[in-house]
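Engineer: next one to model:
(one chain, ligands or ions: 1)
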Amino acid sequence: MTTPRIAFIGAGNMAASLIGGLRAQGIDANAIRASDRGAEQRSKISAEHGIETFASNAEAIQGADVIVLSIKPQVMKEVCQDLAAHIGEQQLVVSIAAGISCASLESWLGPRAIVRCMPNTPALLRQGVSGLYGNVQVSPAQRQQAEQLLSAVGLALWLDQEAQIDAVTAVSGSGPAYFFLLIEAMTAAGEKLGLPRETAAQLTLHTALGAARMAVASDVDASELRRRVTSPAGTTEAAIKTFQADGFEALVEKALNAAAHRSAELAEQLGQ
Ligand SMILES: NC(=O)c1ccc[n+]([C@@H]2O[C@H](COP(=O)([O-])OP(=O)(O)OC[C@H]3O[C@@H](n4cnc5c(N)ncnc54)[C@H](OP(=O)(O)O)[C@@H]3O)[C@@H](O)[C@H]2O)c1
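Structural biologist: Just a heads-up that it's a prediction; the model follows:
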(Lines give C-alpha, C1' and ligand atoms only; values in the text may rest on other atoms or scores of the structure.)
Protein backbone atom coordinates (compact mmCIF):
# COMPACT_ATOMS: atom_id res chain seq x y z
CA MET A 1 0.00 0.00 0.00
CA THR A 2 1.37 3.45 -0.90
CA THR A 3 1.40 6.01 1.87
CA PRO A 4 -1.74 8.15 1.68
CA ARG A 5 -1.33 11.90 1.90
CA ILE A 6 -3.28 13.07 4.93
CA ALA A 7 -4.59 16.57 5.70
CA PHE A 8 -5.84 17.44 9.18
CA ILE A 9 -8.40 20.22 9.52
CA GLY A 10 -7.95 21.49 13.09
CA ALA A 11 -4.57 20.89 14.72
CA GLY A 12 -5.65 20.41 18.35
CA ASN A 13 -5.14 17.58 20.84
CA MET A 14 -6.60 14.74 18.82
CA ALA A 15 -4.89 15.75 15.57
CA ALA A 16 -1.56 16.03 17.42
CA SER A 17 -2.01 12.51 18.84
CA LEU A 18 -2.88 11.05 15.44
CA ILE A 19 0.02 12.85 13.76
CA GLY A 20 2.41 11.67 16.52
CA GLY A 21 1.14 8.12 16.05
CA LEU A 22 1.54 8.25 12.27
CA ARG A 23 5.05 9.66 12.57
CA ALA A 24 5.94 6.92 15.08
CA GLN A 25 4.72 4.35 12.53
CA GLY A 26 7.29 5.77 10.12
CA ILE A 27 4.95 7.88 7.97
CA ASP A 28 6.96 10.64 6.31
CA ALA A 29 6.29 14.19 7.52
CA ASN A 30 5.87 15.22 3.86
CA ALA A 31 2.76 13.01 3.64
CA ILE A 32 1.04 14.95 6.44
CA ARG A 33 -0.24 18.53 6.54
CA ALA A 34 -2.53 20.39 8.87
CA SER A 35 -4.55 23.57 9.05
CA ASP A 36 -5.68 25.49 12.10
CA ARG A 37 -7.14 28.93 12.61
CA GLY A 38 -4.64 29.62 15.42
CA ALA A 39 -1.10 30.72 14.41
CA GLU A 40 0.31 29.45 17.71
CA GLN A 41 -1.29 26.04 17.22
CA ARG A 42 0.13 25.86 13.69
CA SER A 43 3.69 26.70 14.84
CA LYS A 44 3.45 24.20 17.68
CA ILE A 45 2.36 21.25 15.56
CA SER A 46 4.79 22.12 12.80
CA ALA A 47 7.71 22.36 15.27
CA GLU A 48 6.74 19.09 17.02
CA HIS A 49 6.19 16.96 13.94
CA GLY A 50 7.98 18.73 11.09
CA ILE A 51 4.82 18.96 8.98
CA GLU A 52 3.63 21.77 6.74
CA THR A 53 0.78 23.85 8.17
CA PHE A 54 -1.78 26.19 6.64
CA ALA A 55 -4.07 28.96 7.82
CA SER A 56 -6.45 28.05 4.98
CA ASN A 57 -8.37 24.77 5.24
CA ALA A 58 -8.97 24.77 1.48
CA GLU A 59 -5.22 24.98 0.82
CA ALA A 60 -4.42 22.23 3.30
CA ILE A 61 -6.61 19.66 1.53
CA GLN A 62 -5.05 20.15 -1.91
CA GLY A 63 -3.59 16.85 -3.10
CA ALA A 64 -4.63 14.94 0.03
CA ASP A 65 -6.00 11.38 -0.23
CA VAL A 66 -7.51 11.57 3.25
CA ILE A 67 -9.01 14.63 4.94
CA VAL A 68 -9.33 14.29 8.71
CA LEU A 69 -11.93 16.58 10.26
CA SER A 70 -10.41 17.08 13.71
CA ILE A 71 -12.29 20.18 14.78
CA LYS A 72 -14.98 20.52 17.45
CA PRO A 73 -18.49 19.41 16.43
CA GLN A 74 -19.81 22.96 16.94
CA VAL A 75 -17.74 24.36 14.04
CA MET A 76 -18.15 21.36 11.74
CA LYS A 77 -21.04 22.72 9.65
CA GLU A 78 -19.33 26.01 8.87
CA VAL A 79 -15.97 24.34 8.08
CA CYS A 80 -17.58 21.73 5.81
CA GLN A 81 -19.66 24.28 3.94
CA ASP A 82 -16.48 26.29 3.28
CA LEU A 83 -14.60 23.18 2.12
CA ALA A 84 -17.39 21.85 -0.14
CA ALA A 85 -16.31 23.82 -3.20
CA HIS A 86 -12.65 22.69 -2.87
CA ILE A 87 -12.98 19.00 -2.10
CA GLY A 88 -12.37 16.38 -4.81
CA GLU A 89 -14.53 13.31 -5.48
CA GLN A 90 -11.72 10.87 -4.70
CA GLN A 91 -10.82 12.35 -1.33
CA LEU A 92 -11.81 10.31 1.71
CA VAL A 93 -13.25 12.31 4.60
CA VAL A 94 -12.59 10.93 8.08
CA SER A 95 -14.49 12.66 10.87
CA ILE A 96 -13.48 12.13 14.49
CA ALA A 97 -16.07 14.61 15.79
CA ALA A 98 -18.57 13.33 18.30
CA GLY A 99 -22.20 13.47 17.25
CA ILE A 100 -21.92 14.44 13.57
CA SER A 101 -23.60 11.88 11.31
CA CYS A 102 -22.55 10.85 7.80
CA ALA A 103 -25.87 12.27 6.55
CA SER A 104 -25.06 15.69 8.05
CA LEU A 105 -21.53 15.62 6.61
CA GLU A 106 -22.91 14.66 3.18
CA SER A 107 -25.52 17.40 3.36
CA TRP A 108 -22.70 19.94 3.89
CA LEU A 109 -19.98 18.39 1.67
CA GLY A 110 -22.05 16.60 -0.97
CA PRO A 111 -22.36 12.79 -1.40
CA ARG A 112 -18.97 11.14 -0.83
CA ALA A 113 -16.88 8.53 0.94
CA ILE A 114 -16.99 9.21 4.68
CA VAL A 115 -15.60 7.32 7.66
CA ARG A 116 -16.91 8.36 11.05
CA CYS A 117 -14.81 7.46 14.09
CA MET A 118 -15.17 7.65 17.82
CA PRO A 119 -11.75 7.56 19.49
CA ASN A 120 -11.21 8.07 23.23
CA THR A 121 -8.81 10.15 25.33
CA PRO A 122 -6.16 7.44 25.95
CA ALA A 123 -5.41 8.01 22.24
CA LEU A 124 -3.29 10.87 23.61
CA LEU A 125 -0.94 8.11 24.92
CA ARG A 126 -1.53 5.86 21.88
CA GLN A 127 -3.51 3.57 24.17
CA GLY A 128 -6.91 4.42 22.73
CA VAL A 129 -9.67 2.38 21.18
CA SER A 130 -11.89 3.59 18.36
CA GLY A 131 -15.09 2.49 16.67
CA LEU A 132 -15.15 3.18 12.89
CA TYR A 133 -18.08 3.29 10.51
CA GLY A 134 -17.71 3.78 6.76
CA ASN A 135 -20.57 4.70 4.39
CA VAL A 136 -21.16 2.69 1.19
CA GLN A 137 -18.97 4.96 -0.94
CA VAL A 138 -15.85 4.00 1.06
CA SER A 139 -13.62 1.69 -1.04
CA PRO A 140 -11.60 -1.20 0.47
CA ALA A 141 -8.40 0.84 -0.02
CA GLN A 142 -9.97 3.80 1.79
CA ARG A 143 -11.05 1.51 4.64
CA GLN A 144 -7.42 0.49 5.01
CA GLN A 145 -6.34 4.13 5.02
CA ALA A 146 -8.82 5.00 7.78
CA GLU A 147 -7.82 1.96 9.78
CA GLN A 148 -4.13 2.80 9.46
CA LEU A 149 -4.87 6.31 10.73
CA LEU A 150 -6.82 5.24 13.82
CA SER A 151 -4.51 2.28 14.57
CA ALA A 152 -1.75 4.85 15.02
CA VAL A 153 -3.31 5.73 18.40
CA GLY A 154 -4.61 2.34 19.55
CA LEU A 155 -7.04 -0.36 18.57
CA ALA A 156 -9.45 0.33 15.67
CA LEU A 157 -12.66 -1.68 15.39
CA TRP A 158 -15.11 -1.51 12.47
CA LEU A 159 -18.86 -1.20 13.02
CA ASP A 160 -21.63 -2.46 10.71
CA GLN A 161 -24.12 0.28 11.45
CA GLU A 162 -23.69 3.96 12.05
CA ALA A 163 -26.14 3.90 14.99
CA GLN A 164 -23.61 1.72 16.86
CA ILE A 165 -21.44 4.85 17.22
CA ASP A 166 -23.78 5.89 20.07
CA ALA A 167 -23.02 2.61 21.84
CA VAL A 168 -19.27 3.06 21.23
CA THR A 169 -19.56 6.55 22.72
CA ALA A 170 -21.29 5.06 25.77
CA VAL A 171 -18.78 2.22 26.24
CA SER A 172 -15.33 3.51 25.25
CA GLY A 173 -15.79 7.19 24.32
CA SER A 174 -17.05 8.13 27.78
CA GLY A 175 -15.62 4.97 29.37
CA PRO A 176 -12.32 6.33 30.71
CA ALA A 177 -14.31 8.60 33.06
CA TYR A 178 -16.19 5.59 34.51
CA PHE A 179 -12.88 3.98 35.43
CA PHE A 180 -11.66 7.29 36.90
CA LEU A 181 -14.82 7.37 39.03
CA LEU A 182 -14.17 3.83 40.28
CA ILE A 183 -10.54 4.76 40.98
CA GLU A 184 -11.70 7.80 42.97
CA ALA A 185 -14.21 5.74 44.96
CA MET A 186 -11.76 2.90 45.72
CA THR A 187 -9.04 5.35 46.76
CA ALA A 188 -11.45 7.12 49.13
CA ALA A 189 -12.66 3.81 50.57
CA GLY A 190 -9.05 2.59 51.03
CA GLU A 191 -8.27 5.79 52.90
CA LYS A 192 -11.31 5.30 55.15
CA LEU A 193 -10.01 1.81 55.89
CA GLY A 194 -6.86 3.38 57.33
CA LEU A 195 -4.40 3.67 54.41
CA PRO A 196 -2.51 6.89 53.69
CA ARG A 197 -4.22 8.57 50.69
CA GLU A 198 -1.19 8.24 48.41
CA THR A 199 -0.84 4.54 49.24
CA ALA A 200 -4.56 3.95 48.61
CA ALA A 201 -4.26 5.79 45.27
CA GLN A 202 -1.20 3.82 44.13
CA LEU A 203 -2.75 0.50 45.17
CA THR A 204 -5.95 1.35 43.27
CA LEU A 205 -4.19 2.60 40.12
CA HIS A 206 -1.85 -0.35 39.84
CA THR A 207 -4.69 -2.76 40.52
CA ALA A 208 -6.69 -1.18 37.68
CA LEU A 209 -3.69 -1.34 35.35
CA GLY A 210 -2.81 -4.92 36.32
CA ALA A 211 -6.41 -6.13 36.01
CA ALA A 212 -6.81 -4.50 32.58
CA ARG A 213 -3.50 -5.97 31.35
CA MET A 214 -4.45 -9.38 32.69
CA ALA A 215 -7.88 -9.27 31.03
CA VAL A 216 -6.42 -8.09 27.70
CA ALA A 217 -3.75 -10.83 27.71
CA SER A 218 -6.14 -13.59 28.81
CA ASP A 219 -7.92 -16.01 26.50
CA VAL A 220 -10.88 -16.29 28.90
CA ASP A 221 -13.45 -13.56 29.53
CA ALA A 222 -13.66 -11.23 32.53
CA SER A 223 -16.37 -13.26 34.31
CA GLU A 224 -14.09 -16.33 34.30
CA LEU A 225 -11.13 -14.29 35.55
CA ARG A 226 -13.36 -12.95 38.33
CA ARG A 227 -14.56 -16.45 39.22
CA ARG A 228 -10.93 -17.61 39.50
CA VAL A 229 -10.03 -14.91 42.03
CA THR A 230 -13.24 -15.25 44.06
CA SER A 231 -12.87 -18.03 46.63
CA PRO A 232 -16.09 -19.21 48.28
CA ALA A 233 -16.70 -17.31 51.52
CA GLY A 234 -13.53 -15.26 50.92
CA THR A 235 -12.83 -11.52 50.97
CA THR A 236 -13.42 -10.91 47.24
CA GLU A 237 -16.75 -12.69 47.41
CA ALA A 238 -17.80 -10.49 50.33
CA ALA A 239 -17.15 -7.38 48.22
CA ILE A 240 -18.68 -8.73 44.98
CA LYS A 241 -21.86 -9.83 46.80
CA THR A 242 -22.15 -6.35 48.29
CA PHE A 243 -21.81 -4.74 44.82
CA GLN A 244 -24.39 -7.09 43.34
CA ALA A 245 -26.88 -6.83 46.22
CA ASP A 246 -27.10 -3.10 45.41
CA GLY A 247 -27.66 -3.71 41.68
CA PHE A 248 -24.18 -2.94 40.29
CA GLU A 249 -24.79 -4.45 36.84
CA ALA A 250 -28.18 -2.77 36.45
CA LEU A 251 -26.63 0.57 37.44
CA VAL A 252 -23.86 0.19 34.84
CA GLU A 253 -26.46 -0.64 32.18
CA LYS A 254 -28.54 2.39 33.17
CA ALA A 255 -25.48 4.67 33.04
CA LEU A 256 -24.41 3.46 29.58
CA ASN A 257 -27.98 3.81 28.30
CA ALA A 258 -27.98 7.41 29.50
CA ALA A 259 -24.69 8.08 27.65
CA ALA A 260 -25.92 6.44 24.41
CA HIS A 261 -29.20 8.36 24.61
CA ARG A 262 -27.33 11.64 25.12
CA SER A 263 -25.03 10.83 22.18
CA ALA A 264 -28.04 10.35 19.88
CA GLU A 265 -29.63 13.54 21.24
CA LEU A 266 -26.45 15.59 20.59
CA ALA A 267 -26.19 14.17 17.06
CA GLU A 268 -29.74 15.35 16.46
CA GLN A 269 -28.93 18.88 17.67
CA LEU A 270 -25.49 19.25 16.00
CA GLY A 271 -26.56 17.81 12.66
CA GLN A 272 -29.13 20.52 11.93
N1 LIG B 1 -9.96 14.81 22.73
C2 LIG B 1 -10.51 13.61 22.74
O3 LIG B 1 -10.19 12.74 23.54
C4 LIG B 1 -11.56 13.21 21.74
C5 LIG B 1 -12.15 11.95 21.79
C6 LIG B 1 -13.07 11.60 20.81
C7 LIG B 1 -13.40 12.49 19.82
N8 LIG B 1 -12.83 13.74 19.81
C9 LIG B 1 -13.22 14.67 18.76
O10 LIG B 1 -12.05 15.19 18.14
C11 LIG B 1 -12.33 16.51 17.68
C12 LIG B 1 -11.16 17.39 18.06
O13 LIG B 1 -11.03 17.38 19.48
P14 LIG B 1 -9.77 18.02 20.19
O15 LIG B 1 -9.85 17.65 21.61
O16 LIG B 1 -8.54 17.72 19.40
O17 LIG B 1 -10.14 19.59 20.01
P18 LIG B 1 -9.18 20.84 20.04
O19 LIG B 1 -7.94 20.55 20.81
O20 LIG B 1 -10.02 22.03 20.39
O21 LIG B 1 -8.74 20.98 18.48
C22 LIG B 1 -9.48 21.57 17.50
C23 LIG B 1 -8.59 22.62 16.80
O24 LIG B 1 -9.28 23.12 15.65
C25 LIG B 1 -9.14 24.52 15.62
N26 LIG B 1 -10.22 25.14 14.84
C27 LIG B 1 -11.43 25.62 15.28
N28 LIG B 1 -12.12 26.12 14.26
C29 LIG B 1 -11.37 25.95 13.16
C30 LIG B 1 -11.56 26.27 11.79
N31 LIG B 1 -12.67 26.88 11.37
N32 LIG B 1 -10.59 25.94 10.92
C33 LIG B 1 -9.45 25.35 11.34
N34 LIG B 1 -9.20 25.03 12.62
C35 LIG B 1 -10.15 25.33 13.52
C36 LIG B 1 -9.19 24.91 17.06
O37 LIG B 1 -8.74 26.22 17.26
P38 LIG B 1 -9.38 27.08 18.48
O39 LIG B 1 -8.77 26.52 19.73
O40 LIG B 1 -8.96 28.47 18.16
O41 LIG B 1 -10.87 26.89 18.46
C42 LIG B 1 -8.28 23.84 17.68
O43 LIG B 1 -6.91 24.19 17.58
C44 LIG B 1 -13.66 16.93 18.30
O45 LIG B 1 -14.64 16.95 17.30
C46 LIG B 1 -13.96 15.89 19.34
O47 LIG B 1 -15.35 15.60 19.39
C48 LIG B 1 -11.91 14.10 20.74
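
Engineer: quick one: Leu205 and Ile183 touch, right?
Structural biologist: Yes: counting by C-beta atoms under 8 Å, Leu205 does reach Ile183; the two are 6.4 Å apart. No exception for glycine: its C-beta is placed from N, CA and C like everyone else's.

Engineer: which stretches of the stretch 1-150 of the chain have low pLDDT?
Structural biologist: 1 (pLDDT under 70).

Engineer: what's the burial count for the one residue in it that gets nearest to the ligand?
Structural biologist: Nearest to the ligand in the stretch 1-150 of the chain, going by C-beta to the nearest ligand atom, is Gly12, at a distance of 1.7 Å. By other C-beta atoms under 10 Å, 16 other residues sit near Gly12.

Engineer: check contacts around it.
Structural biologist: Asp36, Gln41, Ser70, Ile71 (C-beta atoms under 8 Å, 6 or more residues apart in numbering).

Engineer: residues from this structure in reach of the ligand?
Structural biologist: 9-15, 35-38, 41, 57, 70-73, 75, 79, 96-98, 119-121, 173 (C-beta under 6 Å from any ligand atom).

Engineer: ok, Val153 touching Cys117?
Structural biologist: No: taking C-beta under 8 Å as the definition, Val153 is not a contact partner of Cys117, at 10.3 Å.

Engineer: care to break this protein down by domain?
Structural biologist: 6-165, 175-267 (automatic domain parsing).

Engineer: of those domains, which stretch is the most buried?
Structural biologist: domain 6-165 (a mean of 19; mean count of other C-beta atoms under 10 Å).

Engineer: now Leu157: which helix or strand?
Structural biologist: strand 154-158 (DSSP states H and E).

Engineer: could you pull out the helices for the chain?
Structural biologist: Per DSSP state H, the chain carries helices over the ranges 13-24, 39-49, 57-60, 73-83, 102-109, 140-151, 164-168, 175-192, 197-217, 222-229, 235-245, 248-270.

Engineer: pipe those into CSV and attach distance to Arg5 per row.
Structural biologist: Below are the helices of the chain laid out as CSV (distance: least, C-beta to C-beta, whole Å):
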stretch, distance to Arg5
helix 13-24, 11
helix 39-49, 15
helix 57-60, 11
helix 73-83, 16
helix 102-109, 19
helix 140-151, 10
helix 164-168, 26
helix 175-192, 32
helix 197-217, 34
helix 222-229, 41
helix 235-245, 51
helix 248-270, 29
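
Engineer: so for this protein, the centremost residue is which one?
Structural biologist: What sits nearest the mean C-alpha location of the chain, by C-alpha atoms, centre = their mean, is Pro119, with 0.9 Å.

Engineer: how close does that residue sit to Leu157?
Structural biologist: Taking C-beta to C-beta, to the nearest Å as the measure, Pro119 falls 11 Å from Leu157.
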